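J.: structure for the following, please:
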Amino acid sequence: MDYDVVVIGGGPGGYAVALYGASAGLRIAIVELTKVGGTCLHRGCVPAKEFLESAAVYRTVRGAAEFGISAGEPTVDFAVNQRRKVAVVDQLYRGLSGLLRGRKVTVLSGTGTLLPGRRVRVVDGPDAGTEIAGRHVVLAAGSVPRTLPGLDVDGRHVMTSDEFLQLERVPASVAVVGGGAIGCEFASLLSDLGAGVTILEALDSILAGCDEDISAALARSFTKRGIDIVTGAQVKGHTPAPDGSHTVVHLGDGKEVEVEAVVVSVGRRPRTEGLVSQGTGVQLDDRGFVVVNHLMQTHEQHVWAVGDVCAGTPQLAHVAFEEAVLVVKGILGEPMVPVDYERVPWAIYCHPEVAFAGLTESQARERGIPVLVKKDPFGGNSRARIIGETDGLVKVVAQRLPDGSAGRILGVHMMGPWVTELLGAGYLAVNWEATPTEVAQFIQPHPSLSEAFGETVIALTGRGLHVG
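T.: Numbering: from 1, shown residues only. Here you go, the predicted model:
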């Protein structure tokens, strides 16, 4: 075999396999369609969060007078922000490329197709025609944005996250189709930068997978900021104005929404077209995802899959990292611990931020688990008051024991300032199956945002300080 491992796809899952495996002495090749780093680095997580940080800076400057700082009325030059985004992405890309070179990972440019016998052919791009083989093959081809019938992407009126992240100016009005994590991030960003925003969500609430208290709190916060939220919305299509100045989005109930642009954010589909040829044992499900077991093994021996191409796994870069580590351990014959998808950390970078790990209150009750629940609003947190960000809460769900006391912590759910950075303690508590009594022994600094988690956990012991 040419290599110990051949990886198809150089996104977070693929390059993590390469870096982790190369550190263990494996000879590895990556076949990547565009640039290593994948969607996350070039068209997703990193550029989107850079824009969100720019929105946070703009929001801070606008509110500077409250702190006695005179800065005048700020303006937004989105073209400058685009250049900064490109610089951030390019620097990270060069760093990643250097790491791969330093660990002697071969990178081939083009689309990779798995052939029988664990051979991989590059079918297009600069290295088209090259064929290599590996003792193991890892499928990590990633995903692309989904679209909807009647909303054909044209890059002008209708766009996905890919096209939006290339804009040179902020549209005056935008309909965001889809109120999930990515949709809420785009809605928040656009609203902060001055656009009129309408979220069109087909389900009964935005962030439908979150704890109900958190999604309801975010909806209230968005509404206060002037973001319109339409739930139960069935988008049927749109009609552009003859002069191209706007378009009209048509809903199933006959209502219409006139906007300058539409951002379609309804999830992502696996990039598995042409990924595997006939004659391999790899199976795809009816939605095109690669079928894997709990150890990321496909139906063909020594062929694995990680990341967004896998069926039944969260499409999160940090989950792909963990799956990559799991696969390399399997290749090396080391002990393997499957990823517990129910307990992975989730981070949503809208304003206010949302972060959670573990079961929601309703999920626990649906499983027949008796629960104790405590909530601490950030309005009572001194650090939140100091920084002027009091919108949000921390909610901890614990199992209720027969004597009425709190058992293991089942879920931690947060909305508020910097909660994506605060979740670490809650994530560890959930995954270590810690009890409130155990966690309450750990000291939180004062004043700090992290006190909100500590206060909530202390309250679950039955002897709260500031939380009843």
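
J.: now residue 323: which helix or strand?
T.: Assessed by DSSP states H and E, residue 323 sits inside helix 317-332.

J.: what's the answer for residue 200, then?
T.: strand 196-201.

J.: go ahead and name everything in contact with that strand.
T.: 172-179, 183-184, 187, 190-191, 206, 208, 222, 226-233, 235, 249, 251, 257, 259 (CB atoms under 8 Å, 6 or more residues apart in numbering). The way it works is simple: take the backbone N, C-alpha and C, and place the C-beta from them, glycine included.

J.: paired strands for the helix or strand that the helix holding residue 323 is followed by, with orientation please.
T.: Sequence order places strand 346-348 as the next helix or strand after helix 317-332, per DSSP H and E. Paired neighbours of strand 346-348 in the sheet (DSSP bridges): strand 353-358 (antiparallel).

J.: residues of the helix or strand just after the strand it pairs with that come out buried?
T.: Sequence order places helix 361-366 as the next helix or strand after strand 353-358, per DSSP H and E. Across helix 361-366, burial judged by 16 or more other CB atoms under 10 Å covers 361, 363-364.

J.: list the helices and strands the helix holding residue 323 packs on?
T.: Here helix 317-332 touches strand 3-8, helix 12-23, strand 131-139, strand 303-305, going by 3 or more CB pairs under 8 Å, 6 or more residues apart in numbering; DSSP states H and E.

J.: below-threshold pLDDT in this structure: ranges please.
T.: The chain contains residues with pLDDT under 70 at 1, 468.

J.: can you give me the helices in it?
T.: Counting by DSSP state H, the chain has helices at residues 12-23, 38-42, 45-62, 78-102, 161-164, 181-192, 212-224, 317-332, 361-366, 382-387, 419-431, 436-439, 451-460.

J.: gap between residue 91 and residue 142?
T.: Relative to residue 142, residue 91 is positioned 22 Å away (CB to CB, to the nearest Å).

J.: domain map for this structure?
T.: Residue ranges for the domains of the chain, per automatic domain parsing: 3-144+269-341, 158-266, 352-460.

J.: how close does residue 333 sit to residue 11?
T.: 26 Å.

J.: looking at these two, which one has more neighbours?
T.: residue 11 (32 against 7; other CB atoms under 10 Å).

J.: surely that one meets residue 39?
T.: Yes - counting by CB atoms under 8 Å, residue 39 is a contact partner of residue 11 at 6.0 Å.

J.: shared neighbours of those two, anything?
T.: With CB under 8 Å, 6+ apart, residue 11 and residue 39 have common neighbours 142, 308.

J.: residues near residue 278, how many?
T.: Residues lying near residue 278 (other CB under 10 Å) number 6.

J.: mind listing what's buried along the longest strand seen in the chain?
T.: What stands out as the longest strand in the chain, according to DSSP state E, is strand 406-416. Neighbour counts over strand 406-416 (16+ other CB under 10 Å) mark 406-416 as buried.

J.: swap in stretch 391-403?
T.: 391-400.

J.: who are the contact partners of the residue sitting nearest the centre point of the chain?
T.: With distances taken as CA atoms, centre = their mean, the residue of the chain nearest its centroid is residue 316 (5.0 Å). Counting by CB under 8 Å, 6+ apart, residue 316 touches 344, 346.

J.: use 50 as the first number from now on
T.: I'll keep to 50 as the first residue from here, and by that count the last item is residue 365.
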